[in-house]
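here is my input; please provide its structure:
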Amino acid sequence: MERDAHDYERHRYDVVVVGAGGSGLRAAIAAHEAGARTAVICKSLLGKAHTVMAEGGIAAAMGNLYPEDNWKVHFRDTMRGGKLLNHWRMAELHAREAPERVWELEQWGALFDRTSDGLISQRDFGGHRYARLAHVGDRTGLEMIRTLQQRTVALGVDVFMECTVTDLLKDGDRIAGAFGYWRETGRFVVFEAPAVVLATGGIGKSWKVTSNSWEYTGDGHALALRAGASLLNMEFVQFHPTGMVWPPSVRGILVTESVRGD
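Predicted coordinates for the structure are as follows:
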């Protein structure tokens, strides 16, 4: 860490990841394993990301309950569920790579529920032809985030908590880093890096009633847009179609998708 003439706190990295949910931590792990000096910046505390809200499980065509299941059936289910409006290449990559990502989590310490013969258990979920959700009771997201944060810390990736990024820095047409402030003190901080990964989650707090955390205010979308990036499929906002509305004390709390699957 250093300070310049304006008394900004400065840090230098090869890759800076903004967001410490499942996507951000996995990106940081990949960057670190590729040899890059990597930092993760999160708005609140490590482990508090919205990934913990994913209760149902991880869709992956491992065929543990139904051997006839495979990535092509998963891909078809995904495309049909999206009325063929999906970004097909993203859906294909997801369907192909999901089993490997689940096995990876298990190797890193995630404890999944098991079948009677010791395989990772898989449950039904809405829109899936076969039961293919790897799960940990009703706290799959918590297990994911716990496993990924443990791996991130074990690898020695630097984590900056309670730091809000407000702008991406550019050198001409190229990204040069990120600018933000510490929530506790309001002091400014600069992260110099030739690569910035935005993994800031969604825009759920655009709605009055939502199960989303206070953090989900679309910061990443705004950062990318101001930096000149193209935003794709902005009309498609992920939301949970089952949630509590009454009494007011539980308004906005989601009802897990597994209920619809069952």
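
low pLDDT regions in the stretch 151-262 of the chain?
257-258, 261 (pLDDT under 70).

I meant to write the stretch 1-150 of the chain there.
1-6.

same thing but 90
1-8, 44-57, 63-65, 86, 115-117, 120, 123-128, 136-141 (pLDDT under 90).

now the helices for it?
22-33, 71-81, 88-107, 140-155 (DSSP state H, counting those that start in this stretch).

can I take it that T166 is in a helix?
No. Counting by DSSP: H, G, I helix; E, B strand; the rest coil, T166 is located in no helix; its state is strand.

out of the helices of the stretch 1-150 of the chain, nearest to H128?
helix 71-81 (5.4 Å; Cβ to Cβ). Every C-beta, even on glycine, is put in place using the N, C-alpha and C of the backbone.

return the backbone torsion pair for D124.
phi -70, psi 150 (degrees, to the nearest 10).

apart from its neighbours in sequence, what residue is nearest I253?
In this structure, I253 finds its nearest non-sequential neighbour in M244, 4.6 Å apart by Cβ to Cβ, 6 or more residues apart in numbering.

just to revisit the earlier point, need the helices of the stretch 1-150 of the chain in TSV (columns: distance to E192).
Below are the helices of the stretch 1-150 of the chain laid out as TSV (distance: least, Cβ to Cβ, whole Å):
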stretch	distance to E192
helix 22-33	16
helix 71-81	39
helix 88-107	31
helix 140-155	21
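
so V189 bridges to which residues?
E9, G180 (DSSP bridges).

so which of the helices of the stretch 1-150 of the chain gets nearest A222?
For the helices of the stretch 1-150 of the chain, proximity to A222 was assessed by Cβ to Cβ; helix 22-33 is nearest, at 16.9 Å.
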